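Enquirer: One predicted model, sequence on top.
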Amino acid sequence: MKKEIHPEYRKVVFRDTASGTMYLTRSTVSTKETIKYEDGNEYPLYDVEISSASHPFFTGKQTLVDTAGRVERFRKKYNIK
């Protein structure tokens, strides 16, 4: 392989912001945050809005994930409680 043209492939923790579940895997994603994982080591952290831990298809439950406030604006616009 040619040097200096490939992104760094390293261990990264992906955290599901909807459920709080964390996964340690390998990735080339670039991050600025780090987190201390369950094994005591510190890894780069990447937040995802939804994963298999919170997705309705995998959980069997319908959950509302509203990160941009769309639901509240809709309810306010149509006067729904």
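Expert: Looks like it came in fine.

Enquirer: Which helix or strand in the protein has the lowest average pLDDT?
Expert: helix 56-59 (a mean of 64; mean pLDDT, DSSP states H and E).

Enquirer: My guess is residue 53 contacts residue 21. True?
Expert: Yes. Using Cβ atoms under 8 Å, residue 53 is in contact with residue 21, at 3.8 Å. From N, CA and C alone the C-beta is placed, and that goes for glycine too.

Enquirer: ok, which stretches of this structure are strands?
Expert: Secondary structure of the chain (DSSP state E): strands at 10-16, 22-27, 33-36, 42-48.

Enquirer: any chance of the ones you listed in a markdown table, with mean pLDDT too?
Expert: Shown next, in a markdown table, are the strands of the chain (pLDDT from 0 to 100):
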| stretch | mean pLDDT |
| --- | --- |
| strand 10-16 | 95 |
| strand 22-27 | 95 |
| strand 33-36 | 95 |
| strand 42-48 | 94 |
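
Enquirer: Need those in a markdown table (columns: distance to residue 2).
Expert: Compiled in a markdown table, the strands of the chain are given as follows (distance: least, Cβ to Cβ, whole Å):
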| stretch | distance to residue 2 |
| --- | --- |
| strand 10-16 | 19 |
| strand 22-27 | 21 |
| strand 33-36 | 29 |
| strand 42-48 | 24 |
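
Enquirer: Please identify the most buried of the ones you listed.
Expert: Using mean count of other Cβ atoms under 10 Å, the stretch among these with the largest mean neighbour count is strand 10-16, at a mean of 17.

Enquirer: so how far is that one off the chain centroid?
Expert: Distance of strand 10-16 from its chain centroid, counting by Cα atoms, centre = their mean, to the nearest Å, is 9 Å.

Enquirer: quick check: longest helix of this structure.
Expert: The helix that spans the most residues within the chain, counting by DSSP state H, is helix 70-77.
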